[in-house]
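Trainee: let me see the structure of the following:
(chains A and B)
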There are 2 protein chains.
Amino acid sequence: MSVQIPVALPQNAYEIAIANGGLAAAGTWLQQAGLKAGTKLLVVTNPAIGRRYGDRLVAALKEAGFIVDCLTLPAGERYKTPATVQRIYDKALELRLERRSALVALGGGVIGDMTGFAAATWLRGISFVQIPTSLLAMVDASIGGKTGVNHPRGKNLIGAFHQPKLVLIDPETLQTLPVREFRAGMAEVIKYGVIWDRDLFERLEASPRLDRPRSLPADLLTLILERSCRAKAEVVAKDEKESGLRAILNYGHTIGHAVESLTGYRVVNHGEAVAIGMVAAGRLAVALGLWNQEECDRQEAVIAKAGLPTRLPEGLDQAAIVDALQLDKKVQAGKVRFILPTTLGHVTITDQVPSQALQEVLQAIA
Amino acid sequence: MSVQIPVALPQNAYEIAIANGGLAAAGTWLQQAGLKAGTKLLVVTNPAIGRRYGDRLVAALKEAGFIVDCLTLPAGERYKTPATVQRIYDKALELRLERRSALVALGGGVIGDMTGFAAATWLRGISFVQIPTSLLAMVDASIGGKTGVNHPRGKNLIGAFHQPKLVLIDPETLQTLPVREFRAGMAEVIKYGVIWDRDLFERLEASPRLDRPRSLPADLLTLILERSCRAKAEVVAKDEKESGLRAILNYGHTIGHAVESLTGYRVVNHGEAVAIGMVAAGRLAVALGLWNQEECDRQEAVIAKAGLPTRLPEGLDQAAIVDALQLDKKVQAGKVRFILPTTLGHVTITDQVPSQALQEVLQAIA
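Mentor: Got it, this is the predicted structure:
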């Protein structure tokens, strides 16, 4: 079974292929995306993913006539730095990668973001392919061309827009994903339900469990992948560089980023932070009279059912959150912009949030 | 007097403004380019340029209502590194630059390349303005959106295409440019004559001297700036990302880069290396029957008249040059592509250069 979802960008159109057994057929998929046999490829991965899937992918690519090397980088958000990207550059130089060569990111969001950024900046831009292995990367990070690394004082502050040639999703890799990471991905899935696809939200609501890949009916997992990728692809196609609509994808991320950053990226992971951010944004929307309490409660119930937190990490200073928001990339003329739900499947963007209301919401979920 | 030359890119059109007194009127020029009063600007410069022109520029920008800060970076190609760009990021963070803020590069090619790369990658891309103060930067580096830094083992290997909002050239700054740097810029001017604008070449030929700004008639200096910028703008507009035509701008650069790199960027500067590269490419063209000896001799005479070298630096290993060519960004499928003149004002691109012919040419100019 395979599904192909177009990301219809005027200059850089590409496809998301969701295919069981996609790793073993990667060579064919890459060729279909326009990469020619004989092209030099550098696969970038991390130790755990590389051990599990690296050989299978490299063998499939070599079989299809590509010239393939592999680079393993340390795992974890704290290595998403310019220094780690430098290691990709060094390897690219050693292999004498050319403008027609390509990078292949095999792993989660960290590997995808760094590999994409290296591709964006090596020889002023070479091709790259995303092969996401985490739910978060499948439904979010690998799609849309946002690449980058962290600055010691802020996440994703250094980066570029650089679209992949192909996003190849093999759902089988989810079966070995740690449960906590699966749940983190579910946060983004729930986000698509709230901001874009009410029907997806209601399917999630109807499932007795959402907290592990094995506890989901297989057809729900397929639906989750397809509908989430489609939501992201549609939004990105309408606004590639986040000049307007695309900002809605940051629902839950404004406060979420502050929570991640203030806890040093160690207490909560990205998805958990987004879950907390959605809870806060939902309550803020209710406080401002934009959303009704009933839908807000339903959102919190789905978040909890996915095994995600609905409260701030213990001991986190709420004033520090308000302060950290000023550093967000989405700040414009010093004003923080919030994405707030108006009804399930729709959000609005506003910078008219009284700090009093924000403080009360943070207090209530402390 | 001011001349505006459009760089007619489909997505990122902008203008090159050549204006005497342009520095003092910078605020108006930036506003005309669409930057609004109240925008945060970070001016990036080096110590010598900053001392001479920094205050004048900052005052002009503040006068026009911009919020302006300044960062001074060390001068010289050896500082064109990721580590120096990190200093721009740090300052951007300190100033809390937002997506609508802009960087302003005040200086030569090194400052422009690094500032442009920081703008390309801060928050995934913010606006920037080029205010080049060297002839080389005015007629070449500041136009066309090539930004980047060096890898310890190769020049400009890390970078991005990112177009400025405006290139503002104040020719008065040339009067304080060191003579050797002026000559380096003349190498690129001569290049435009050979590859694109025969009339420009003949004007250069007709001038009794070319080796110092003060020895040129004022109208020739104006013509040089205007025609060179126009040549670059025309080529770039036809091929923004160097998928075809734009490669002709690398005339003289293939061998030039190898010469620069092998001598550690200390023996010859970029323009001198390009001059040597043009001499080599010209002779190669003659050896391959593509160009006639008479025009090739005329090229060498103009290069010599501009006070530029026409021979390889002493002691440079010719075999090492041939080897270094493989590392060039323009290599495709392992083949080095040469840009070779066919008649004054026209070049052709070929990867059919027998290494025997290349070695003989290098021998002859050793």
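
Trainee: how much space between the residue nearest the centre of chain A and B:Thr348?
Mentor: The centroid of chain A falls nearest to A:Ala141 when counting by C-alpha atoms, centre = their mean (2.7 Å). Distance, A:Ala141 to B:Thr348, by C-beta to C-beta, to the nearest Å: 44 Å. In short, each C-beta sits where N, CA and C put it, glycine included.

Trainee: also A:Lys36?
Mentor: Distance, A:Lys36 to B:Thr348, using C-beta to C-beta: 25 Å.

Trainee: do the same with A:Arg246
Mentor: If you go by C-beta to C-beta, the gap between A:Arg246 and B:Thr348 works out to 44 Å.

Trainee: show me the shaky parts of the stretch 251-366 of chain A.
Mentor: A:327-334 (pLDDT under 70).

Trainee: all the strands of the stretch 101-250 of chain A, in order from the start?
Mentor: A:102-107, A:127-132, A:146-151, A:154-161, A:166-169 (DSSP state E, counting those that start in this stretch).

Trainee: same deal with the stretch 251-366 of chain A?
Mentor: Secondary structure of the stretch 251-366 of chain A by DSSP E, counting those that start in this stretch: the strands cover A:338-343, A:346-350.

Trainee: so for A:Lys155, which of these sits nearest?
Mentor: Closest to A:Lys155 of those, according to C-beta to C-beta: strand A:338-343, at 17.4 Å.

Trainee: put the alpha carbons of the closest one into PDB.
Mentor: Provided in PDB are the C-alpha atoms of strand A:338-343 (Å, rounded to 0.1, in the frame of the first residue of the first chain):
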ATOM      1  CA  PHE A 338      -0.800  33.800  19.400                       C
ATOM      2  CA  ILE A 339      -2.600  31.200  17.400                       C
ATOM      3  CA  LEU A 340      -5.900  30.600  19.100                       C
ATOM      4  CA  PRO A 341      -8.800  28.200  18.200                       C
ATOM      5  CA  THR A 342     -12.200  29.600  17.300                       C
ATOM      6  CA  THR A 343     -13.800  26.200  16.600                       C
END
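
Trainee: relative to that strand, what are the paired strands and their orientations?
Mentor: strand A:346-350 (antiparallel) (DSSP bridges).

Trainee: the strand it pairs with: which residues count as buried?
Mentor: A:347, A:350 (16 or more other C-beta atoms under 10 Å in any protein chain shown).

Trainee: and stretch A:24-42, by the same measure?
Mentor: For stretch A:24-42, the neighbour count (16+ other C-beta under 10 Å) marks A:24-27, A:29-31, A:33, A:35, A:39-42 as buried.

Trainee: stretch A:289-309 too?
Mentor: Within stretch A:289-309, the residues that count as buried by 16+ other C-beta under 10 Å are A:290-291, A:295-296, A:298-300, A:302-303, A:305-309.

Trainee: give me the contacts around it.
Mentor: Contact with stretch A:289-309 is made by A:179, A:183-184, A:186-187, A:190, A:193-194, A:201, A:204-205, A:207, A:209-212, A:268, A:271-272, A:275-276, A:278-279, A:282-283, A:285-286, A:310, A:340-344, A:348, as judged by C-beta atoms under 8 Å, 6 or more residues apart in numbering or on different chains.

Trainee: show the pLDDT at the residue of the stretch 151-300 of chain A found nearest chain B.
Mentor: Residue nearest to chain B within the stretch 151-300 of chain A (C-beta to the nearest C-beta): A:Gly159, separated by 4.5 Å. Model confidence at A:Gly159, given as pLDDT, is 97.

Trainee: beta-bridge partners for A:Lys146, please?
Mentor: Residues in beta-bridge contact with A:Lys146 (DSSP bridges): A:Phe161.

Trainee: ok, how many other residues are close to A:Lys165?
Mentor: 18 (other C-beta atoms under 10 Å in any protein chain shown).

Trainee: can you pull the contacts of it?
Mentor: Counting by C-beta under 8 Å, 6+ apart, A:Lys165 touches A:14, A:30, A:33-35, A:102, A:127-129.

Trainee: how about those residues in CSV, adding pLDDT and distance to chain B?
Mentor: Shown next, in CSV, are the contacts of A:Lys165 (pLDDT from 0 to 100; distance: C-beta to the nearest C-beta, whole Å):
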residue, pLDDT, distance to chain B
A:Tyr14, 97, 17
A:Leu30, 98, 17
A:Ala33, 97, 18
A:Gly34, 97, 14
A:Leu35, 98, 14
A:Ala102, 98, 14
A:Ser127, 98, 13
A:Phe128, 98, 14
A:Val129, 98, 19
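
Trainee: so which bits of the stretch 151-300 of chain A are right by chain B?
Mentor: Within the stretch 151-300 of chain A, the positions adjacent to chain B are A:151, A:153-154, A:156-161, A:241 by C-beta under 8 Å from any C-beta of the partner chain.

Trainee: which of those residues sit farthest apart?
Mentor: Between any two of those (C-beta to C-beta), the greatest distance is 24.0 Å, for A:Arg153 and A:Lys241.

Trainee: what's the distance between A:Thr173 and B:Asp297?
Mentor: Where B:Asp297 is concerned, A:Thr173 sits at a distance of 65 Å (C-beta to C-beta).

Trainee: for A:His270, same thing?
Mentor: Look at A:His270 and B:Asp297: by C-beta to C-beta, they are 65 Å apart.

Trainee: ok, now A:Arg198?
Mentor: From A:Arg198 over to B:Asp297 (counting by C-beta to C-beta), the distance is 76 Å.

Trainee: do the same with A:Trp29
Mentor: For A:Trp29 relative to B:Asp297 (C-beta to C-beta), the value is 55 Å.

Trainee: for chain B, see how far away the residue nearest to A:Lys232 when sequence neighbours are not counted is.
Mentor: For A:Lys232, ignoring the flanking residues on the chain, the nearest one in space by C-beta to C-beta, 6 or more residues apart in numbering or on different chains is A:Ile143 at 4.7 Å. Remark: distance between A:Ile143 and chain B (C-beta to the nearest C-beta, to the nearest Å) = 15 Å.

Trainee: for A:Asn150, same thing?
Mentor: Distance check for A:Asn150 against chain B: by C-beta to the nearest C-beta, it reads 11 Å.

Trainee: not counting sequence-adjacent ones, nearest residue to that residue?
Mentor: A:Lys80 (5.1 Å).

Trainee: contacts only, for that neighbour.
Mentor: A:Lys80 touches A:110, A:113-114, A:149-150, counting by C-beta under 8 Å, 6+ apart.

Trainee: quick check, nearest of these to A:Arg227?
Mentor: Out of the contacts of A:Lys80, the member with the shortest distance to A:Arg227 (by C-beta to C-beta) is A:Asp113, at 23.3 Å.

Trainee: what's around that closest one, how many residues?
Mentor: Residues contacting A:Asp113 under the criterion other C-beta under 10 Å number 25.

Trainee: mind checking pLDDT for it?
Mentor: In this model, A:Asp113 carries a pLDDT of 98.

Trainee: surely it and A:Gly148 touch.
Mentor: Yes. Between A:Asp113 and A:Gly148 there is a contact under C-beta atoms under 8 Å: 5.6 Å.

Trainee: okay, and the common contacts of the two?
Mentor: With C-beta under 8 Å, 6+ apart as the test, A:Asp113 and A:Gly148 both reach A:156, A:159.

Trainee: helices of the stretch 101-250 of chain A, residue ranges please.
Mentor: With DSSP state H, counting those that start in this stretch as the criterion, the stretch 101-250 of chain A has helices at A:109-121, A:135-136, A:179-195, A:198-206, A:218-238.
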